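Participant: Just need the structure, nothing else, for what follows:
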Amino acid sequence: MGNFKVMQTITVNIDWEENYGAYSEEVAGCAATHKTLEGVKKAYLEALEFHLEGLRADGDEIPSVLQTKYRLEFVLNVRALLHYFDGLLTRSALSRVTGINERQLGHYITGHRKPRPEQRKKIVEGLHRIGKEITSVV
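Facilitator: Got it, this is the predicted structure:
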């Protein structure tokens, strides 16, 4: 059998606070911000490449996750997720599919409250249901 390495997955967390912000706990010291979701993904990839160049140039240790092929998995926290869909979907529609009242959704968007994992799951599942409904009639 040939010698092959499994591709590593680097989880990149995305938050929202006046801009999108991206960071990974697996790659300390690398972060990016941008006003759009696609922009922050691209900015993080560029920042990661720049970070690697800097580590190599300085002779610093390269994190093990970056020593093999890797892929980035972007995970939006609830605040970033709701901000992304705010304006595309009404809070009323999101409230209907999640069972979470509009006021509570507003608290999550502004960051006044942080949802429990169960609430995040309800929001993601609700967004998936909306997506399935839309694609079923198109």
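
Participant: which one's the longest strand in the chain?
Facilitator: What stands out as the longest strand in the chain, according to DSSP state E, is strand 8-16.

Participant: Show me the domain layout of the chain.
Facilitator: By the assignment in automatic domain parsing, the chain contains the domains 8-76, 78-137.

Participant: how about those domains in JSON lines, adding mean pLDDT and mean neighbour count?
Facilitator: Where C-beta positions appear, they are placed from N, C-alpha and C, glycine not excepted. JSON lines is the format used below for the domains of the chain (pLDDT from 0 to 100; neighbours: other C-beta atoms under 10 Å):
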{"stretch": "domain 8-76", "mean pLDDT": "94", "mean neighbour count": "15"}
{"stretch": "domain 78-137", "mean pLDDT": "92", "mean neighbour count": "15"}
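
Participant: follow-up on the earlier one: so in that sheet, which strands flank the longest strand of the chain, and in what orientation?
Facilitator: Paired neighbours of strand 8-16 in the sheet (DSSP bridges): strand 20-23 (antiparallel), strand 70-76 (parallel).

Participant: With distance to residue 82 as added columns, please give the ones you listed in a markdown table.
Facilitator: Putting the strands paired with strand 8-16 into a markdown table (distance: least, C-beta to C-beta, whole Å) gives the following:
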| stretch | distance to residue 82 |
| --- | --- |
| strand 20-23 | 12 |
| strand 70-76 | 9 |
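
Participant: To residue 47, which of the ones you listed lies closest?
Facilitator: Checking the strands paired with strand 8-16 against residue 47 by C-beta to C-beta gives strand 20-23 as the closest, at 8.1 Å.

Participant: Now do the helix or strand following that closest one: everything it contacts.
Facilitator: Helices and strands here follow DSSP states H and E; after strand 20-23, the next one along the chain is strand 31-34. Contact with strand 31-34 is made by 19, 20, 21, 22, 23, 40, 42, 43, 44, 46, 47, as judged by C-beta atoms under 8 Å, 6 or more residues apart in numbering.

Participant: Which single one of those residues is nearest to residue 100?
Facilitator: residue 20 (22.4 Å).

Participant: Return the set of residues that bridge with the closest one.
Facilitator: residue 16, residue 34.

Participant: That one reaches residue 37, doesn't it?
Facilitator: Yes. At 5.8 Å, residue 20 and residue 37 qualify as touching, with contact defined as C-beta atoms under 8 Å.

Participant: I'm done for today, thanks for sticking with me.
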